[in-house]
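Q: Need coordinates for the following:
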Amino acid sequence: MFDDVGGWVSLSLLIQGIDWYVSGVVLITDLEGNPSKRRASVLKFFRELPCQDDDGQVLPISGLWNTAMAHPNDPEFIELGIFECMSALIWKGLKNRRWLSHDQNIYIPYYAAHIIGSYTMNMEEFAESAVHAGVIPPLVELLRGRLTWVEQRVAVRALGHLATYASTFPAIASHGEILQLSIQLAMSSLEIVYSHFYQYVDRRLSYHCDLLTRGMGGVEMESRKAEEWASQLQCWSLQLINCFAFKHEFLPTICKPEFLIKLPGMWGGLVNENSPAGIGLLRTICHQKLGRGPVASCPGIIDALCNIARSSDDWQYMAIDCLLWLLQDPNTCHKLRSDEGNLLDEMISEYKNVSFVHPKTLLLRIIFQVIDKVVPALVDLAEMTALGDHKKLGDSIVNVLQECIQSQGSGRSSISSHTKEQIEDILNSKQRLKWEKNMPKEDLHIKQAAALVVKLEGNSLFSSGNISGAASKYSEALALCPMRSRKERVVLYSNRAQCHLLLQQPLAAISDATRALCLHKPVNRHAKSLWRRAQAYDMLGLAKESLLDAILFINECSQSNDPDLSLRQNKVPDYAERLVKKQMRAAWLFREAAIKHGGVHSQGDGGDMYGPETDDSEWETASESDIGNDGRDDMGDDDDGDWNNDDERKDYDKPSIKDARKVAKWVEPLGQAWSSARMPIAILRSNKNRLHISIFFCHGSHFFATQSATCNLQLAIFNAHYLNGYNTLLLPTS
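A: Numbering: from 1, shown residues only. Here you go, the predicted structure:
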């Protein structure tokens, strides 16, 4: 029981960790009988504990840690001086290394900082008491790295909580080094944890291992928890910086190009999904006028925001907000940037001495406006109805795009014709939707039937290998299809995205797949479009975006009620699992640190390395996903080019690198000129009346699988268009 006078719950939890009192003479065994005596005893305990050097001090601190975690809003210990006690213990650990190394005292600074962070997490009055107790200076010393990264983690957590409140932020801001230290820690935290703990198993400090695993688990658990804590160290540093970013006077310090450029890549990984991390800080920066300029001037950030906005990231809406604010600001909307990242005046200076070409002529090829980068992404998202709690997000996008058209000519720069055309297309689509509301149902049915006929023509062209022709037919069907027929349009966009994939046009595939996902209900849950966008992002080398789409695709597979899938024991396609594994290695939090410092050394192996293995094997680009249909041509069904049954597809859905190596002896006589030019090879395998086509690129003795498809053998014979430009070798089915 707990009451305002007694505080029985918190004290009973404390007593679990206190077997002795101060010098070990007074035992706290009957505290509940006399509340006033109990409070006086605990007050004395907090005052005298930092002065004691007895063994076993970590026990009561551990009990306090448990109490703070379980009851962070309990004021009892705040009134009795727990903050002063924890602050003194941290100072003692920093100044008295002999005491720190004695017994188990090495744990105490960690627990003390963690206790401060827990009690300041929710209650502003507790945070004020902590500041008055002088907790900030010792926490700053831990933040500097005076001990280890483990103490840095809990220090930045506590300081982040103190910075959250208006009444305590000035005290944090008065320590000018906190912001700079947090920026440095956000950029280097992953490397610190990797090189100081993760990399060398036999050098790991035992108390680090104990804190990470609580005495449970071995090396694997330590490594997993270290990755989680490293992510928290980075994300909590970003959270602390975010508190400063709300104040315009700190933006010049935060908005340094070397820091801004890294923010999109600070995503917390899969182990810390509850933190917006870098994109959250970017959103705060872009919300302020002084912050938008540096963001628009920083190379790569606009592209990164567009990628996040068109992804399955939980914080997708934050990237959309950033893009909208950049467009609404006339100072950033038409800001000129180059793909190389140099400012316009710097580039003019660089090329002004080129005599054989006018500088402005050269610059026209490499300069873009922010609006030209942002509009294509927003247009793809314009039909999104809602994203979580964010309602009518698509309408907000359309309104901003309409404002861009209306304000054309009033600014310093005009909108390019291509960008203007994209905006007008989406505005015309909205107008079409209004017109269709007043159209007779018979007319809508006619339009829908016409779109179906054209779609079937596209399916036929796709099956015959005329991918470009199929894409054109799907575009024609989209122009005919009523705007209200969302399911049909989802299929058409997704089919066209598949065509773009086979035509090696990943950007167009991302655009169409995103439009399909926005139209689908629920948003971002159309399995085939997720898989196709995952492949497109993989082609561009964007591992994180590809990984998130692939994971969501697998999730949709596992929850699918598709009758074909229900007959299989494993609903998740093998190729999807392989892509996820590949992208998890590519997006691994410690990847850059491992490249810089080397791989992980296991205990006693003399330097053998393990960790994220390299992926030298190919993974296929399936022409259709395994969430297929049964060949139905109804408008609401998915692509008609799927495999009809497992027996038919099992021999064809895996374009093996072994097949490429089989023809190595035939490739060599063709000469080095062929291999050095990376000429493509089409490997054909026939079985009955079906033909499987695997496209490989040859470079020396290496072969890279790029795409595969299956079509009717007779159709393939009469459609050489699909193999145009490929060196074709026919192999028997193994």
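Q: can you map out the helices along the stretch 251-400 of the chain?
A: Assigned by DSSP state H, counting those that start in this stretch, the helices in the stretch 251-400 of the chain fall at 251-254, 257-260, 277-286, 289-297, 301-309, 316-328, 330-333, 344-351, 359-363, 370-380, 393-406.
Q: Mind checking those for the one nearest to residue 76?
A: Of all the helices of the stretch 251-400 of the chain, it is helix 277-286 that lies closest to residue 76, at 34.4 Å by C-beta to C-beta. Glycine gets a C-beta too; all of them are placed from N, C-alpha and C.
Q: returning to that earlier point: looking at the helices of the stretch 251-400 of the chain, which is nearest to residue 63?
A: Closest approach to residue 63 among the helices of the stretch 251-400 of the chain (C-beta to C-beta): helix 277-286, 33.4 Å.
Q: what distance separates the closest one from the centre of its chain?
A: 13 Å (C-alpha atoms, centre = their mean, to the nearest Å).
Q: hmm, back to that, per-stretch mean pLDDT over the helices of the stretch 251-400 of the chain, give me the minimum one.
A: Among the helices of the stretch 251-400 of the chain, helix 359-363 has the lowest mean pLDDT, at a mean of 38.
Q: Among the helices of the stretch 251-400 of the chain, show me which one is buried the most.
A: Most buried of the helices of the stretch 251-400 of the chain by mean neighbour count (mean count of other C-beta atoms under 10 Å) is helix 277-286; its value is a mean of 25.
Q: now that helix against helix 316-328, angle please.
A: Here helix 277-286 runs at an angle of 30 degrees relative to helix 316-328 (axes from the mean of the first three to the mean of the last three C-alpha atoms, to 10 degrees).
Q: hmm, who's touching stretch 213-220?
A: With contact meaning C-beta atoms under 8 Å, 6 or more residues apart in numbering, stretch 213-220 is reached by 201, 221, 222, 225, 602, 603.
Q: I'd like the average pLDDT over it.
A: 84.
Q: Adjust the sequence numbering to begin at 316 for everything that follows.
A: Sounds good: first residue 316 from here, last item stretch 528-535.
Q: Show me which parts of it are buried, residue by residue.
A: residue 528 (16 or more other C-beta atoms under 10 Å).
Q: What is the end-to-end distance of that stretch?
A: One end of stretch 528-535 sits 10 Å from the other (C-alpha to C-alpha, to the nearest Å).
Q: Quick one: the strands in the stretch 766-915 of the chain, in order.
A: 915-916 (DSSP state E, counting those that start in this stretch).
Q: how about CSV for the helices of the stretch 566-715 of the chain, with distance to residue 468 added?
A: Formatted as CSV, those follow (distance: least, C-beta to C-beta, whole Å):
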stretch, distance to residue 468
helix 566-569, 21
helix 572-575, 20
helix 592-601, 15
helix 604-612, 27
helix 616-624, 26
helix 631-643, 24
helix 645-648, 36
helix 659-666, 40
helix 674-678, 47
helix 685-695, 35
helix 708-721, 35
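Q: My impression was that residue 462 belongs to a helix - is that right?
A: No: Residue 462 is assigned coil when assessed by DSSP: H, G, I helix; E, B strand; the rest coil, not a helix.
Q: Let me know whether it touches residue 424 as I believe.
A: Yes: with contact defined as C-beta atoms under 8 Å, residue 462 and residue 424 form a contacting pair (6.1 Å).
Q: out of those two, which sits in the busier spot?
A: Set residue 462 next to residue 424 and count neighbours by other C-beta atoms under 10 Å: residue 424 wins out with 28 against 20.
Q: burial measure for the residue nearest to the more buried one when sequence neighbours are not counted, as a count.
A: Excluding the flanking residues, the one nearest residue 424 by C-beta to C-beta, 6 or more residues apart in numbering is residue 408, at 4.0 Å. By other C-beta under 10 Å, the residues close to residue 408 number 26.
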